[in-house]
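Colleague: Here is my input, please return the structure:
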Amino acid sequence: MRGLFAAGIMLAGLGQGAAAADASLPVKAPPQQSQAKPYDWSGFYAGAHFGYAAGSAPWSATSTGFAAPALNGSLDLFNGYDMFKGTGSYFIGFQGGYNYLLPSRFLLGVEADISFPNTFGGMAIFSSPATGTASYAEQVEMSGTLRGRIGYAAGNWLFYATGGFAWTYDQFTRTQMNGVPIGGTAMPGTTENLFLVPRLGGAVGVGVELGLTPSWAARLEYLYTDYGSRGVMFPGGAQQFTSSLAVQSVRVGLDYQLGHTGIDPDIFTKGPSALDLDWFSFKGQTTFIEQYAPPFRSPYLGPHSLDPNQGRESWDVMYFVGAKLWQGAELWVDPEIDQGFGLSNTEGIAGFPSGASFKVGASVPYARVQRAFVRQTIDLGGDSQKVEADQNQFAGSNTADRLVITVGKYSVSDVFDQNKYAQNPRKDFMNWALIDTGTFDYAADAWGYSYGAAAEWYEGQWTLRAGVFDLTTMPNGEDLDPHFSQFQWLGEIERRYELWSHPGKIAFTGFLTRARLGTYEDAIALAQVTGGPADIAAVRQYRSRTGLGVNVEQEITADLGLFARAGFASGDIEPESYTDIDRTVAAGLALKGTQWRRPDDTFAVAAIVNGITKEHQAFLNAGGLGILVGDGMLPHPGFEQIIETYYQLPVYAWHVTFDYQFVVNPAYNRDRGPVSVLGVRAQTEF
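Modeller: Here you go, the predicted model:
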């Protein structure tokens, strides 16, 4: 709850405007200021919120088909934030509504909202002679309200009360642990899930808002929600559960004024303007991707094979919330909503075709806090360079010679292996072996983020980078190691230059991983003894894995740029975090559409060749499974060869991309494929 208190302090502090700023810092444009005249509260608005919830769900269970005493209990749904798992009963959502301000300064309004939690739920274990031992769990999957508001506007402040209808969709789960219930069929280990079960109820609350600029207002709100009683039936467990649900939540949020008499059409053509105060920044982006793999030659399938004739979509929303702490220091927190899947659950191709599809897929959107870090920039002299406002970056300036230190949770690729032509799967290429060097097995959880520290020393045309980051508890895992006993060292040297007056750079990046990893030879030897498939998890020991990559980018003209990446990594040891590539070479180009009178369009094409060692091939042929690949056998290995090309064009406030990838020997298997992957991407940001 200390975080919620701090959020309230931030809300109050936002009203102080430029007084908290460093007035000497040059900026791209005059910073937005809190307006002198009262904020105009009338009109349509939409916004986003972040909150934390606590609740309880008293339950009772009765057995069906025979007389047995009822069982009772109560679930505590509050989950504290676990920084290494990323879990907790926090949520992220959207709201929108309409306000009408009376001449008396009283306000009438209506608002609807929807929220997506991270892990808001609880579990109980019970036992009886009639049921055996089992567990019962409830999980809130999404929720929302439709409420009226009445308030009073005092200048830029609005105080209000609110109430109305509430709804939620929940997941109910029963798992048989021991015994068999009388009248039921559930054997030990049987799990029964009921998804998206609706509840209806009511919500009441109070809140306060503060107008920051003519377009933006901040809010702090408390809601109490009662959803009443709901019954569900588990046939296998021969039990009916009835539970009620009551939730208390506190949320902070921001609202954007869409128009006072109607919705401003510029919202659809240009999008909303970012909130850039002189010490606080709020930006956001959302991306939708649809990919389809048509039928292809597939004589057999393994546990990690790509399925033919399959389509999948993914959607995400990320916010970039920043505050200046002191001279040169910035705090950034990036909460995100994720939904969807990669093709075949993000498996089947080592150079996977969607870098925006995480290894953890979900049909229902869920919340994560992906980044939370502090960046300190120390100017060391040299020419002053202008810095434009961007995601996770304030507008301002720095000197050519400087030291940059970043500490917290973020992605290693935010600092290392950067390339302006192939870096962001939401804006340029999407293949994993293009947005990063395919062999760059950087420390990350299943979403691509980790805790760590990095230092960057800029001196003239040179930059030296070094960092250390936490690894997951097990290779390709979701949870980061809370003891930091498994970690990764990184180093990079970069040289910038000009070639015929056009900028370019070359960078060498190396890593040393210290973790519990298995060797392919040990896994094969064990499989020969047991007679089963090669199991890398059974032979893991604490050891080192290394890799080195080179990254080149070169501007040819103002509209045309070339890039190339190459790398290798220890081919006798399993990768820890990224993907199954031991050797890689990739190159491509990106061309703006100025010559065909569409300067905002981009055409790009790139080629990739990925390889693995003989030991790695033998492991896959022995039935071994990698991070992304494993067809159950690999009798005819070959290089995985990929071509990706895309065309991107603006459509009103969005960028729409048509993407095509052609994969020869997917997962290094000449028996399968080739595979075509057709994709479309829609992305917008403010």
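Colleague: Pull the number of nearby residues for Trp447.
Modeller: If you count neighbours by other Cβ atoms under 10 Å, Trp447 ends up with 16. For every residue, glycine as well, the C-beta is placed using N, CA and C.
Colleague: does it count as helix, strand or coil?
Modeller: Assigned state for Trp447: coil (three-state reduction, DSSP: H, G, I helix; E, B strand; the rest coil).
Colleague: Contact partners for it?
Modeller: Contacts for Trp447 (Cβ atoms under 8 Å, 6 or more residues apart in numbering) come out as Gly86, Asp338, Phe358, Lys359, Val360, Arg368, Gln370.
Colleague: Would you confirm that the last one belongs to a strand?
Modeller: Yes: counting by three-state DSSP, Gln370 falls inside a strand.
Colleague: okay, it: pLDDT?
Modeller: On the pLDDT scale, Gln370 is placed at 97.
Colleague: residue contacts, it?
Modeller: Contacts of Gln370 by Cβ under 8 Å, 6+ apart are Met318, Asp334, Pro335, Glu336, Lys409, Trp447, Tyr449.
Colleague: Those residues in strands, which ones?
Modeller: The members of these that map onto strands under DSSP state E are Met318, Asp334, Pro335, Glu336, Lys409.
Colleague: Neighbours of Tyr70, how many?
Modeller: One correction, residue 70 is Ala, not Tyr. 12.
Colleague: re the thing from before, what is the most widely separated pair among the contacts of Gln370?
Modeller: Met318 and Lys409 (13.8 Å; Cβ to Cβ).
Colleague: buried ones in stretch 299-313?
Modeller: Gly302, His304, Ser305, Leu306, Pro308, Arg312, Glu313 (16 or more other Cβ atoms under 10 Å).
Colleague: Now list the buried members of the contacts of Trp447.
Modeller: Using 16+ other Cβ under 10 Å, the buried ones in these are Gly86, Asp338, Phe358, Lys359, Arg368, Gln370.
Colleague: ok, so of these, who is nearest Asn345?
Modeller: Lys359 (8.2 Å).
Colleague: Now do the same for the closest one: helix, strand or coil?
Modeller: Strictly by three-state DSSP, Lys359 counts as coil.
Colleague: Tell me who's in contact with it.
Modeller: Gly342, Thr346, Ala446, Trp447, Asn476.
Colleague: Same check on Phe296?
Modeller: Applying Cβ under 8 Å, 6+ apart, one finds that Phe296 lies in contact with Pro308, Arg672, Gly673, Pro674, Val675, Ser676.
Colleague: in the stretch 201-350 of the chain, which spans are helices?
Modeller: 266-269 (DSSP state H, counting those that start in this stretch).
Colleague: Do a quick rundown of the strands in the stretch 301-450 of the chain.
Modeller: Listed in chain order, the strands of the stretch 301-450 of the chain (DSSP state E, counting those that start in this stretch) span 310-326, 329-340, 362-387, 396-410, 450-459.
Colleague: would you list those in TSV and tack on distance to Gly626?
Modeller: What follows is the strands of the stretch 301-450 of the chain, written out as TSV (distance: least, Cβ to Cβ, whole Å):
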stretch	distance to Gly626
strand 310-326	20
strand 329-340	23
strand 362-387	23
strand 396-410	26
strand 450-459	20
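Colleague: Val247: which of the ones you listed is closest?
Modeller: Per Cβ to Cβ, nearest to Val247 of these: strand 362-387, 15.4 Å.
Colleague: Okay, angle between the closest one and strand 329-340 too, please.
Modeller: Here strand 362-387 points in a direction 150 degrees away from that of strand 329-340 (axes from the mean of the first three to the mean of the last three Cα atoms, to 10 degrees).
Colleague: Could you list the paired strands of strand 362-387 along with their orientation?
Modeller: strand 329-340 (antiparallel), strand 396-410 (antiparallel) (DSSP bridges).
Colleague: Look up which residues are beta-bridged to Ala682.
Modeller: Beta-bridge partners of Ala682, as defined by DSSP bridges: Phe288, Val656.
Colleague: pLDDT below threshold where in the chain?
Modeller: 1-37, 65 (pLDDT under 70).
Colleague: For the closest residue to Thr377 other than its chain neighbours, give me its contacts.
Modeller: Leaving aside its sequence neighbours, Thr377 sits nearest to Gly328 (Cβ to Cβ, 6 or more residues apart in numbering; 4.5 Å). Neighbouring residues of Gly328 by Cβ under 8 Å, 6+ apart: Gln376, Thr377, Ile378, Asp379.
Colleague: got the contact list for the third one?
Modeller: In this case it means Ile378. Gly328, Arg402, Leu403, Val404, Ile405.
Colleague: try it again with 6 Å
Modeller: Leu403 (Cβ atoms under 6 Å, 6 or more residues apart in numbering).
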